[in-house]
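Undergrad: what's the 3D shape of this:
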Amino acid sequence: MKPVTALLLLGANLGDRARTLRRAVAALRRLEGCRVEKVSRVYETAPVGPSRAPYLNMSARLRTTRTPLGLLVEFKTLEAAAGRRPSKRWGARVLDIDLVSHGTTRRRTPWLSVPHPLMKERLFAAQPLADVSPSWRRRYAAMKPAPRKVKMPHGRP
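TA: Numbers count the residues shown, from 1 in each chain. Here you go, the predicted structure:
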């Protein structure tokens, strides 16, 4: 497969959130067929859904020869290795990795939708994505109101 740019959103709201994100980025750097080109700063945001614990969120831009489904399998493996167990939708989680986009791919299956159908509605995702993608910088600048966020002192993983 010809290399494409993929955008990811990573989040954690259980355990040592910063450590989990650092380990996830390190694991992404070791994935065959993937090169991490850029990572965002880390932001703390209020949870969406039933969870009460705040999230740390960040994004990454990859150059990859992996298919969207191949990436999904790797992300689920990384989430499980971090200690994530099946839970209710939008519940608290040790690690969540979402594939936001994969080149110009458009795919909708019961397991994966690319581009991610909810990202345009998720203000908490816009700032980390704007850190790594010019098109998201334009989107984020146009969004009102700005999401509640706190830049974490540990910066980029």
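
Undergrad: Which residue ranges of this protein form strands?
TA: Assigned by DSSP state E, the chain shows strands spanning 4-12, 34-39, 43-45, 55-64, 96-102, 107-108, 113-114, 150-151.

Undergrad: Go through these and name the closest to L71.
TA: Among these, strand 96-102 comes nearest to L71, with 5.6 Å by C-beta to C-beta. No exception for glycine: its C-beta is placed from N, CA and C like everyone else's.

Undergrad: who's in contact with that closest one?
TA: With C-beta atoms under 8 Å, 6 or more residues apart in numbering as the test, strand 96-102 has contacts from 4-12, 24, 59, 64, 67-68, 71-72, 75, 78-79, 84, 112, 114-116, 119, 125, 129.

Undergrad: next one: stretch 22-33
TA: Contact with stretch 22-33 is made by 8, 10, 34, 36, 39, 58, 60, 62, 64-66, 70, 74, 78, 81-82, 95, 97, 157, as judged by C-beta under 8 Å, 6+ apart.

Undergrad: Restrict it to CA atoms and write it as CSV.
TA: The C-alpha trace of stretch 22-33 is given here as CSV (Å, rounded to 0.1, in the frame of the first residue of the first chain):
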residue,chain,number,x,y,z
ARG,A,22,3.7,8.3,26.7
ARG,A,23,3.8,4.5,26.5
ALA,A,24,1.1,4.5,23.7
VAL,A,25,3.1,7.0,21.6
ALA,A,26,6.3,4.9,22.2
ALA,A,27,4.4,1.8,21.0
LEU,A,28,3.1,3.7,17.9
ARG,A,29,6.7,4.6,17.1
ARG,A,30,7.5,0.9,17.1
LEU,A,31,4.6,-0.2,14.8
GLU,A,32,5.8,-1.7,11.5
GLY,A,33,4.6,0.3,8.6
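
Undergrad: just to revisit the earlier point, generate CSV for the strands of the chain, with distance to R137, mean neighbour count and mean pLDDT as supplementary columns.
TA: Supplementary listing: these in CSV, determined by distance: least, C-beta to C-beta, whole Å; neighbours: other C-beta atoms under 10 Å; pLDDT from 0 to 100:
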stretch, distance to R137, mean neighbour count, mean pLDDT
strand 4-12, 12, 23, 93
strand 34-39, 12, 17, 96
strand 43-45, 15, 20, 86
strand 55-64, 12, 24, 94
strand 96-102, 14, 21, 89
strand 107-108, 25, 11, 80
strand 113-114, 21, 18, 74
strand 150-151, 16, 11, 49
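
Undergrad: Thanks a lot, see you next time.
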